[in-house]
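Peer 1: I would like the atomic coordinates for the input below:
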Amino acid sequence: MKKNGFTLIETLIYLALFAIIMTGVLTSVYSVSETSSRNQAQAMVLEEGTFLVGKIDWALSGAREIDQPASVGNTLLLTRFDGSTVTIEATGTDMLLTRDSGSPQVLNNTNVSVENLTFTHIEATGDGINPESLEASFTVSTRTQGGLPLSQNFSTIKYLRK
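Peer 2: Take a look at the predicted model:
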């Protein structure tokens, strides 16, 4: 008499193979998900940093005079050709822009933090070779959905027209 079915050892082998395959599949799915989260966070940091550099360039493109910093500082105060003033500074983890005596506007979104904002004012040498310029640098940071930190440094230099 022939019996159809699996022996206990065959069943255990099939269960072990199934467990190994499922472990590989779950590991792959987690890896793809984490990579997607990291790529999304990187794109957000790059977009925010580029936007903030653009705002600093906008403020400096119409600058007639830099009032602050005299050399190095974390606050930029400048007078524009139209007579208005613009202030860019870091408060906590936000970059703020204030026009004239208006209320400060937060430039970055709430998902990122701005750190190490530094403005370096370089005076003209007077020989016509090195004009007056301002360098701005800062770091934009965030966390992925998995909680991993992600940051990128940004900087720009702008030569002022007088």
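Peer 1: quick one: the strands in this structure?
Peer 2: All strands of the chain, identified by DSSP state E, fall at 63-68, 72-73, 75-80, 85-91, 94-99, 105-106, 113-122, 133-143, 149-159.
Peer 1: could I get the CA-only coordinates of the fourth one as CSV?
Peer 2: Spelled out, it's strand 85-91. C-alpha atoms of strand 85-91 as CSV (Å, rounded to 0.1, in the frame of the first residue of the first chain):
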residue,chain,number,x,y,z
THR,A,85,16.9,97.1,4.5
VAL,A,86,17.1,93.4,4.5
THR,A,87,18.2,91.2,7.5
ILE,A,88,18.9,87.5,7.2
GLU,A,89,19.8,85.6,10.4
ALA,A,90,19.5,82.3,12.1
THR,A,91,17.2,81.9,15.1
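Peer 1: what's it in contact with?
Peer 2: With Cβ atoms under 8 Å, 6 or more residues apart in numbering as the test, strand 85-91 has contacts from 55-56, 59, 63, 67, 74-80, 95-100, 104, 107, 114-115, 117, 119, 138. For glycine as for every other residue, the C-beta is placed from the backbone atoms N, C-alpha and C.
Peer 1: filter these down to the buried ones.
Peer 2: 55-56, 59, 63, 76-78, 80, 95-97, 107, 114, 117, 119, 138 (16 or more other Cβ atoms under 10 Å).
Peer 1: nearest to Leu12 among the residues you listed?
Peer 2: Proximity of those to Leu12 (Cβ to Cβ) peaks at Val114, which lies at 57.3 Å.
Peer 1: you'd agree that closest one is up against Asp94?
Peer 2: Yes. Counting by Cβ atoms under 8 Å, Asp94 is a contact partner of Val114 at 6.3 Å.
Peer 1: what do these two both touch?
Peer 2: By Cβ under 8 Å, 6+ apart, Val114 and Asp94 have these common neighbours: Asn108.
Peer 1: so what's the residue count around Leu134?
Peer 2: 21 (other Cβ atoms under 10 Å).
Peer 1: if you could redo that for Leu8, that was the one I meant.
Peer 2: Other residues close to Leu8 by other Cβ under 10 Å number 7.
Peer 1: same question, the one 4 residues further on
Peer 2: The criterion is other Cβ under 10 Å. On that basis, Leu12 has 11 neighbouring residues.
Peer 1: what separation do you get for it and Ile20?
Peer 2: To Ile20, Leu12 is 13 Å away according to Cβ to Cβ, to the nearest Å.
Peer 1: sweet, I'm off.
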